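*Asks:* From the sequence below, what's the structure:
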Amino acid sequence: MAIAIDLETKKKGTFSKYEIFVIILLAFIQFSVVLDFMVLAPLGYHLMPALNMSKADFGNAVAAYAFSAFASGLLVAGFADKFDRKKLLVFFYIGFIIGTFLCARANTYEFLVFARIVTGLFGGVIASISNAIVTDTFQLHVRGRVMGMIQIAFAASNVLGIPFGLYFTRTIGWHIPFLMIVAVSIVAVVVVFAYLKPVDAHLKIKSDKNPLQHLIATVSNRNYLVPFLATTLLATGGYMLMPYGSDFGVHNLGISEENLTYLYMLTGIATIAVMPMAGALSDKVGKYKVFFVGSVASIVLICIYGNLDVTPFWIVVVLNILLMSSIMSRIAPSQALMSAIPDQKDRGAFMSINSSVMYLAGGISAFIAGKIVGGKKGGVVENYDILCYVVSGAIIVTLILMFFVHKQVEKKIAQHKKV
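*Replies:* Sure, this is the predicted structure:
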């Protein structure tokens, strides 16, 4: 049974009860998956000495997730439109839970890398499956709002997950945050299995291509190349800057461990308000306009933040809130634009490949970042400003690429109206 959007609901611009349930459920799933990635960054301060890891080793651990997610995305892409999206979500979410549990059991650097590989193989495609479900369920004119509400997961992971994770890490051990993620994820997968309706409208579109042919056809589609390249650069910032954010905050900015928890919490609270606002605004004034403003603000704030020395805590809080708000304001409009690119028959494959190239770029970025940063006596992070300049350059190129994506979407909408 496919999910249908009620015509009256579309006219009023409101959501049905079931649609609200889908938004909340996908947001919760995103929360658990994002938290699994984001919690690793602030735990780096504890993980590196606990597992005798260098900064380069830590970068490799972050990259391991990304590279395995890249491989998984490519492998799944050919099959992504051959199955009910609900069944795919349940299967990969269970695998993600197993991988996260292995992270909690890691006691060596090598085992942690292995656990991150397993987690990436399954968790890396969950976002693409969720985005395909959103695209199948909601029309483009409300998709910015939907993406914005789902992306609250990023902020919620700061507000709820990371502060609690840091607290339990200090009081019990760094393994606890991963066990917390396992617990909430088990609840979520049960709800998905029991209450999410099948998402299978795409199966009615007959295709004579086998999975490999479907993958090759999607990858080689000229209309998809610029969006894939834009996604590649969109991933640069998070994988370059975030893994070393806690280390930079403690050793370079002079933030205490206790205040580091408050920093993530306050930043998360602020971005919880920004994410849905950015999504709604992108539907109202234009998705590329919101993306453009967020990108320009990000460049300015990244360059300022990366050049800070020991700084009063309140200034760090203000700058961090502005920085994360500007970065997060780009997510909903960019994902809404990307979701309008693929045809329905290619939607799952496009989303999987798009996610795959993002993780490949993220893995390369994390690996490069690990080579750039260094450490003096006392753990001071060197060359963080260089990372910020590299990320700023990537944002500028992404702005140009997203402009062409925006024009491509406009052209597609115009052609659709003529039919």
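*Asks:* Now do the helices in the stretch 51-200 of the chain.
*Replies:* Here the stretch 51-200 of the chain has its helices, by DSSP state H, counting those that start in this stretch, at 55-77, 85-105, 109-123, 126-137, 140-150, 152-156, 162-171, 176-195.
*Asks:* How many residues are close by the residue nearest to residue 265 when sequence neighbours are not counted?
*Replies:* Once flanking residues are discounted, residue 265 sits nearest to residue 163: 4.5 Å by C-beta to C-beta, 6 or more residues apart in numbering. All C-beta atoms are positioned from the backbone trio N, CA, C, and that covers glycine. Neighbour count of residue 163, defined by other C-beta atoms under 10 Å: 19.
*Asks:* Just to check, residue 163 is in contact with residue 267?
*Replies:* No - counting by C-beta atoms under 8 Å, residue 267 is not a contact partner of residue 163; they are 10.4 Å apart.
*Asks:* sorry, back to before: how close does the residue nearest to residue 265 sit to residue 135?
*Replies:* Per C-beta to C-beta, to the nearest Å, residue 163 is found 33 Å from residue 135.
*Asks:* got it, and residue 148?
*Replies:* Distance of residue 148 to residue 135, given as C-beta to C-beta: 15 Å.
*Asks:* where along this structure do the strands fall?
*Replies:* For the chain, the strands defined by DSSP state E cover 374-375, 381-382.
*Asks:* what's the least confident stretch among those strands?
*Replies:* Comparing mean pLDDT across the strands of the chain, the weakest is strand 374-375, with a mean of 62.
*Asks:* for the stretch 1-150 of the chain, what are the low-confidence residue spans?
*Replies:* 1-13, 41-42, 45, 78, 80 (pLDDT under 70).
*Asks:* Please apply the same query to the stretch 301-419 of the chain.
*Replies:* Residue ranges of the stretch 301-419 of the chain with pLDDT under 70: 374-379, 416-419.
*Asks:* Recalculate using a threshold of 90.
*Replies:* Applying pLDDT under 90 to the stretch 301-419 of the chain flags the ranges 306, 308-309, 320, 323-388, 390-391, 394, 408-419.
*Asks:* residues in contact with stretch 92-110?
*Replies:* If you take C-beta atoms under 8 Å, 6 or more residues apart in numbering as the criterion, stretch 92-110 is touched by 29, 32-33, 36, 51-53, 57, 61, 76, 111-112, 114-116, 118-123, 125-126, 129, 175-176, 178-179, 181-182, 185-186, 188-189, 192.
*Asks:* of these, buried ones?
*Replies:* By neighbour count, with 16 or more other C-beta atoms under 10 Å, those hold 29, 32-33, 36, 51, 53, 57, 61, 76, 112, 114-116, 118-123, 125-126, 129, 175-176, 178-179, 181-182, 185, 188-189, 192 as buried.
*Asks:* what does stretch 402-418 rub up against?
*Replies:* Identification of contacts with stretch 402-418 by C-beta under 8 Å, 6+ apart yields 140, 223, 226-227, 230, 287-288, 291, 334, 337-338, 340-341.
*Asks:* Show me which of those residues are buried.
*Replies:* Among these, the ones that count as buried by 16+ other C-beta under 10 Å are 140, 226, 227, 230, 287, 288, 291, 334, 337, 338, 340, 341.
*Asks:* now the contacts of stretch 402-418 as CSV including distance to residue 171?
*Replies:* Shown next, in CSV, are the contacts of stretch 402-418 (distance: C-beta to C-beta, whole Å):
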residue, distance to residue 171
140, 47
223, 52
226, 49
227, 45
230, 43
287, 43
288, 46
291, 41
334, 38
337, 43
338, 41
340, 47
341, 47
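*Asks:* Show me which of those residues is closest to residue 370.
*Replies:* Within the contacts of stretch 402-418, the smallest distance to residue 370 is 24.6 Å, found for residue 230 (C-beta to C-beta).
*Asks:* residue contacts, the closest one?
*Replies:* Going by C-beta under 8 Å, 6+ apart, residue 230 touches 334, 338, 398, 401, 402, 405.
*Asks:* Among these, which ones are in helices?
*Replies:* The helices in this structure, assigned by DSSP state H, contain 334, 338, 398, 401, 402, 405 from the contacts of residue 230.
*Asks:* Out of the residues you listed, which two are the most distant from each other?
*Replies:* The span of these, defined through C-beta to C-beta, is set by 338 and 398 at 12.1 Å.
*Asks:* Around the residue lying closest to residue 383 once chain neighbours are set aside, count how many other residues there are.
*Replies:* Leaving aside its chain neighbours, residue 383 sits nearest to residue 372 (5.0 Å; criterion: C-beta to C-beta, 6+ apart). Neighbourhood size, residue 372 [other C-beta under 10 Å]: 17.
*Asks:* cool, and residue 87?
*Replies:* Neighbours of residue 87 (other C-beta under 10 Å): 14.
*Asks:* Got the phi and psi for the residue lying closest to it once chain neighbours are set aside?
*Replies:* Of all residues not flanking residue 87 in the chain, residue 198 sits nearest, at 8.0 Å (C-beta to C-beta, 6+ apart). Residue 198 adopts backbone torsions of phi -60, psi 140, taken as degrees, to the nearest 10.
*Asks:* Next one: residue 194, what pLDDT does it get?
*Replies:* 92.
*Asks:* gap between it and residue 185?
*Replies:* Residue 194 is 15 Å from residue 185, by C-beta to C-beta.
*Asks:* cool, and residue 231?
*Replies:* According to C-beta to C-beta, residue 231 stands 25 Å off from residue 185.
*Asks:* Adding distance to residue 278 as columns, could you present the ones in helices among the contacts of residue 230 in CSV?
*Replies:* Shown next, in CSV, are the ones in helices among the contacts of residue 230 (distance: C-beta to C-beta, whole Å):
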residue, distance to residue 278
334, 10
338, 15
398, 16
401, 19
402, 15
405, 17
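*Asks:* which one of those residues sits closest to residue 350?
*Replies:* Taking the ones in helices among the contacts of residue 230 together and measuring to residue 350 by C-beta to C-beta, the closest member is residue 338, at 8.4 Å.
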